[in-house]
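Student: Could you look at this predicted model? Sequence included:
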Amino acid sequence: MNARIKRVYPIEENCMGCRLCEVACAIEHSEFKDPLMAFFNGRPQSFTTVEVNGATTFSLNCRHCDEPYCVEACITGAMHKEPDGRVIVYEDICVGCFMCVVSCPWGAVNPKEGAKKAAKCDLCPDRELPACVQACPNRALVFDTTEGLIFELPEEEEEPFVEG
Amino acid sequence: MAEYLIVGNSVAAVSAIQAIRERDKEGKITVISPEPYTAYCRPLITYVLAGDVEEWRLPYKRESFYQQNRVEVLYQVRLEGVDVKERKAYLSDGSKIPFEKLLLAVGGVPFIPPIENVQSPYVFTFTTIADMKAIESCLPEVRKVVVIGAGMIGMKAAEALKKRGKDVVIVELLDRILPMVLDSQGSRLAERALDKAGVSYVLGDSVVGIGRDASGRVRQVELKSGAKIECDAVIVAVGVRPNIKPVEGSGIEVNKGIVVDDMMETNVEGIYAAGDCAESYDLILGQKRPNLVWPVAYRHGLIAGSNMAGGRRRFVGAFPINSIGFFGFQVVSAGMSAVEEGDEDAAIEVLRYVDEEKGIYRKAVIGHNRLLGFAIIGDIRRAGLYTGLIWSRMDVSPFKDVLVDQISLPEAVYPIEGALPPMNFSSRKEIRRFGWAVFPYSYRRLFTGYSARIEEICAFDDKGVCLHDGVDQE
């Protein structure tokens, strides 16, 4: 049913909460894709949020769900799932009713800063690797294009258990 | 080859078509549409009337959608009755259509309260394009409009008419604005926005009669309190009820809506119901009731469609989710959000965060340590996290004290469960090895490892026992 599920997975053990992913995301989705220009021109908005709880941190972004809540809730059809699995919002159709914002259980869809539109992760269509993944110094974000869901993964050899 | 008949042509029908076509590429699908349009967005008509959205953006799906899915659509025909024995549907144009599988997605009908002279010209309901066009065509002759009902439709209609330069008076039976969503404290913030926009409202009163002049034009409405409000038009928006008329007496079980089981099937085999007309399981009340909101209709259609095409998908349950903005006032809500302390049963606890100056208000309703509903006014960023808490039926008692202080999942949502394997690449093998038993109800785990529907994962406890056969979860 789903050809390739693409999403960015956080690995919380690796995350140190530096929030560089948020910065990279905000710059990538700004008009000029330049840090200085981005921060002078209005309010840059990041689509990923680093959740911090003492030692436990991880970057929370869109799951590009298989049956997305936001797509179900969208009254105009602006929010839709692309054949490649990405969940994208067409801004020119969006009327800003924010049903998607209240539906997303991850809080990954938000009102766009300064406009009555929804804004969310688009997995950086202009790039090979999403900006947040590229920016992460700790390899705490991994771009996965695995086929199928995790329980459908092919059998692998068990790794030998090493003590110490 | 199976023959599918879908009665109704809105979101439930569209998602059912998609779900059927995912499983059955060949079967014949016929859609009966009471209106002469392709599926369109009902809530958008208020935006069109206000002039915010052009009319060409109304369609939810265009003609090409029906062509691609090879769906035959019969426009401007209604369902009159169903013969469950002969398996035929009677239509308003006198024809009979045989079916193998029938989906009733006949939607809702606006409720018309018993008001004197309610069937007059210049008295409108506001749920379809036809209603919108009727209102639009008489706007030049109208100066002042009374909107009966301060619900979703009423408020959006009031906003649209105000934007078109009309004087608007809202009359609501209950003592607050958006009575299904807000309590009186939240309503005060809405009232402030209305005052600022210059819309007047009468709360705690109802319209008992509509006064007409000799030519039959609406001139005034009469309230129960005896007051009279002059007006040129009336919009009746006191609510929408499931449309059960076409199936009454056919043998299909009907309560408030068309009763369906968790496969979205009615008591008659092969006949399904979805959308506003269906009465399905409510996750929060723990019993069946109609949920007349868009996302629920989509979900209904999806489940019904795949089951009609031979699938075995279960509908876990739903709850109302709403978002509405008018005059710069934005509120989102889900579940039971309007209850106040002391309402209903004593186990319900209400948490609030109010910042009147900034117009920020957050309210959470908790019962039996579960989040049952919330309403957020003003800053709605990341509001969906609360919806996720409702879906997951997670115990919120460890972080109750900080639940409404900020819109971010408080740290306690991510408990450190050292004993459990981490859900990342290195541990996927472990999931496979242990199956669902390792799946904790922690958001963090759900998020980092899996992307399926929360409610479907959480419908099983850690022993693999289904929590969701209509059994009380306590």
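Tutor: Noted; the coordinates are in hand. Numbering: from 1, shown residues only, chains lettered A, B, ... in the order given.

Student: Setting aside sequence neighbours, what's the nearest residue to the residue in the stretch 301-450 of chain B positioned nearest to chain A?
Tutor: Closest to chain A within the stretch 301-450 of chain B is B:G388: 2.7 Å, counting by CB to the nearest CB. For glycine as for every other residue, the C-beta is placed from the backbone atoms N, C-alpha and C. Once flanking residues are discounted, B:G388 sits nearest to A:P105: 2.7 Å by CB to CB, 6 or more residues apart in numbering or on different chains.

Student: List the strands paired with the host helix or strand of B:V169, with their directions.
Tutor: Taking DSSP states H and E as the criterion, B:V169 maps to strand B:167-172. Paired neighbours of strand B:167-172 in the sheet (DSSP bridges): strand B:144-148 (parallel), strand B:200-203 (parallel).

Student: and the ones you listed, which is most packed in?
Tutor: strand B:144-148 (a mean of 24; mean count of other CB atoms under 10 Å in any protein chain shown).

Student: just checking, what packs against the next helix or strand after that strand?
Tutor: Note on strand B:144-148: by DSSP H and E, the next helix or strand toward the C-terminus is helix B:152-163. Applying 3 or more CB pairs under 8 Å, 6 or more residues apart in numbering or on different chains; DSSP states H and E, we find helix B:152-163 packed against helix B:44-50, strand B:144-148, strand B:167-172, strand B:233-236, strand B:321-326.

Student: Quick one: those as CSV, columns for distance to A:L60 and mean pLDDT too.
Tutor: CSV is the format used below for these (distance: least, CB to CB, whole Å; pLDDT from 0 to 100):
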stretch, distance to A:L60, mean pLDDT
helix B:44-50, 31, 94
strand B:144-148, 41, 95
strand B:167-172, 39, 96
strand B:233-236, 42, 95
strand B:321-326, 20, 94
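
Student: Could you find the closest non-adjacent residue to B:P110?
Tutor: Setting aside the residues directly before and after it, B:P110 is nearest to B:T125 in space (CB to CB, 6+ apart), at 4.0 Å.

Student: now the stretch 51-200 of chain B, which segments are flagged as low pLDDT?
Tutor: Judged by pLDDT under 70, the stretch 51-200 of chain B has no weakly predicted residues.

Student: That one against chain A: which residues are in contact?
Tutor: B:D52, B:V53, B:R57, B:Y60, B:K61 (CB under 8 Å from any CB of the partner chain).

Student: I'd like the distance between B:V236 and chain A.
Tutor: Going from B:V236 to chain A by CB to the nearest CB, to the nearest Å gives 22 Å.

Student: Would you check that that residue makes contact with B:T127?
Tutor: No. Between B:V236 and B:T127 there is no contact under CB atoms under 8 Å: 10.3 Å.

Student: neighbour-wise, which of those two wins?
Tutor: Neighbour count, other CB atoms under 10 Å in any protein chain shown: between B:V236 and B:T127, B:V236 has more, with 24 against 18.

Student: about what we covered before: and of the residues of the stretch 51-200 of chain B next to chain A, the nearest to B:V218?
Tutor: B:D52 (26.7 Å; CB to CB).

Student: Which pLDDT value belongs to the nearest residue to that closest one once chain neighbours are set aside?
Tutor: In space, and not counting its chain neighbours, B:D52 is closest to A:V95: 7.1 Å by CB to CB, 6+ apart. At A:V95, the pLDDT value in this model is 92.

Student: Ok, B:Y361 next?
Tutor: Looking at B:Y361, the pLDDT reads 91.

Student: Any idea how many residues pack against it?
Tutor: 24.

Student: circling back: Three-state assignment for the residue nearest to B:G388, please.
Tutor: coil (DSSP: H, G, I helix; E, B strand; the rest coil).

Student: From B:A193, how far off is it?
Tutor: Separation of A:P105 from B:A193 (CB to CB, to the nearest Å): 28 Å.

Student: Likewise for B:E35?
Tutor: In terms of CB to CB, B:E35 sits 33 Å off from B:A193.

Student: where are the low-confidence patches of chain A?
Tutor: A:1-6, A:12, A:42-43, A:51-58, A:144-164.

Student: ranges for the strands of it?
Tutor: A:7-10, A:49-53, A:56-60, A:79-81, A:87-89, A:110-111, A:118-119, A:141-144 (DSSP state E).

Student: Which of these sits closest to chain B?
Tutor: Once these are compared by CB to the nearest CB, strand A:49-53 is nearest, at 3.6 Å.

Student: nearest spatial neighbour of B:N9, skipping sequence neighbours?
Tutor: B:N9 sits nearest to B:S33 (CB to CB, 6+ apart), 3.5 Å away.

Student: Contacts only, for the one you found.
Tutor: B:G8, B:N9, B:V73, B:L74, B:Y75, B:Q76, B:V77 (CB atoms under 8 Å, 6 or more residues apart in numbering or on different chains).

Student: Not counting stretch B:176-189 itself, show me its contacts.
Tutor: Residues external to stretch B:176-189 that are found in contact with it (CB under 8 Å, 6+ apart): B:150-152, B:155, B:170, B:172, B:175, B:190-191, B:194, B:201, B:203, B:320, B:322, B:324, B:329, B:331, B:333, B:337-340, B:352, B:354, B:356, B:359, B:361, B:363, B:375, B:377-378.

Student: Among the residues you listed, name the buried ones.
Tutor: Those of those that meet the buried threshold are B:150-152, B:155, B:170, B:172, B:190-191, B:194, B:201, B:203, B:320, B:322, B:324, B:329, B:331, B:333, B:337-339, B:354, B:359, B:361, B:363, B:375, B:377, by 16 or more other CB atoms under 10 Å in any protein chain shown.

Student: Quick one: the helices in the stretch 101-250 of chain B, in order.
Tutor: B:129-138, B:152-163, B:184-197 (DSSP state H, counting those that start in this stretch).

Student: Tabulate these in TSV, adding columns for distance to B:E100.
Tutor: Converted to TSV, these look like this (distance: least, CB to CB, whole Å):
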stretch	distance to B:E100
helix B:129-138	31
helix B:152-163	36
helix B:184-197	48
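
Student: Most tightly packed of those helices?
Tutor: helix B:152-163 (a mean of 25).
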